[in-house]
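A.B. asks: This is the structure alone, sequence omitted:
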Ligand code: ITT
């Protein structure tokens with residue numbers, strides 16, 4: 001399939017920014033999905049939900065579509081919110097507040113957590129052209145810090161930077177993040193196709 005033009009199957013501006021930054025060096029036209037786009041994410045895994053979004057966008061646009069399904073797994077919460085990270089509360093601020101409260105009330109004292117990302121590139125016919133995955137380990141802290149990124153970034157602390165994910169710039173985040181890692185593998189495959 002021709003990979004000269006692909007569509008991003010996401011309405012999350014934070015994701016779009018991070019993905020565009022990595023794909024800008026490739027000879028591929030990357031477009032955003034227009035209008036209302038909210039396919040029902042009723043899959044049981046990140047991979048299933050990424051496929052649902054990618055296939056829907058590919059059908060709508062007749063282009064190969066790249067979707068990202070991601071989330072935060074917190075050990076003190078037995079892996080929640082996981083695939084429900086977006087639905088956990090209504091705004092980033094509320095999601096962070098609820099998370100910090102739940103972690104502080106948990107009987108488990110560990111602070112470890114990880115972001116996971118699953119990317120799927122699907123064709124308009126529904127074929128998975130390629131999929132990739134990435135993980136980023138960190139700790140949940142109770143005081144939000146930093147204004148970059150999105151989602152849970154202000155309370156996700158990364159030892160190697162002695163900073164939260166929201167204190168990293170775009171390139172730093174892409175180097176170590178779940179999304180950046182999944183993208184790296186995806187980019188290598190895309191390069192082999194163009
Ligand atoms: P699309 O489905 O349109 O892509 P979404 O935000 O609903 O957008 P997901 O269903 O994949 O995407 O939910 C992922 C949620 O996990 C996201 O809304 C954040 O709350 C969180 N998340 C994922 N990646 C993150 C990151 O890099 N930094 C902080 N939070 C992240």
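C.D. replies: Cool, got the structure. Worth saying up front: this structure is predicted, and the values here are computed from it rather than measured. Residues are numbered from 1 along each chain as shown.
A.B. asks: For the closest residue to residue 31 other than its chain neighbours, name its beta-bridge partners.
C.D. replies: In space, residue 31 comes closest to residue 7 once its chain neighbours are excluded; the distance is 5.2 Å by CB to CB, 6 or more residues apart in numbering. Every C-beta, even on glycine, is put in place using the N, C-alpha and C of the backbone. When assigned by DSSP bridges, residue 7 has beta-bridge partners residue 31, residue 65.
A.B. asks: got the contact list for residue 7?
C.D. replies: Residues counted as contacts of residue 7 (CB atoms under 8 Å, 6 or more residues apart in numbering) are 30, 31, 32, 33, 57, 58, 61, 63, 64, 65, 66.
A.B. asks: Please apply the same query to residue 19.
C.D. replies: Per CB under 8 Å, 6+ apart, neighbours of residue 19: 8, 10, 30, 66, 68, 179, 183.
A.B. asks: Run through those and flag the ones next to the ligand.
C.D. replies: Among these, proximity to the ligand is found for 10, 68, 179 (CB under 6 Å from any ligand atom).
A.B. asks: State the mean pLDDT of the helix or strand where residue 114 lies.
C.D. replies: Here residue 114, judged by DSSP states H and E, is contained in strand 112-122. What strand 112-122 shows for mean pLDDT is 98.
A.B. asks: Burial check on the nearest residue to residue 66 once chain neighbours are set aside, number of neighbours?
C.D. replies: Using CB to CB, 6+ apart and skipping residues adjacent in sequence, the residue nearest residue 66 is residue 121, 5.0 Å away. Residue 121 sits with 26 neighbouring residues when counted by other CB atoms under 10 Å.
A.B. asks: Return the distance of residue 121 relative to residue 17.
C.D. replies: Distance, residue 121 to residue 17, by CB to CB, to the nearest Å: 19 Å.
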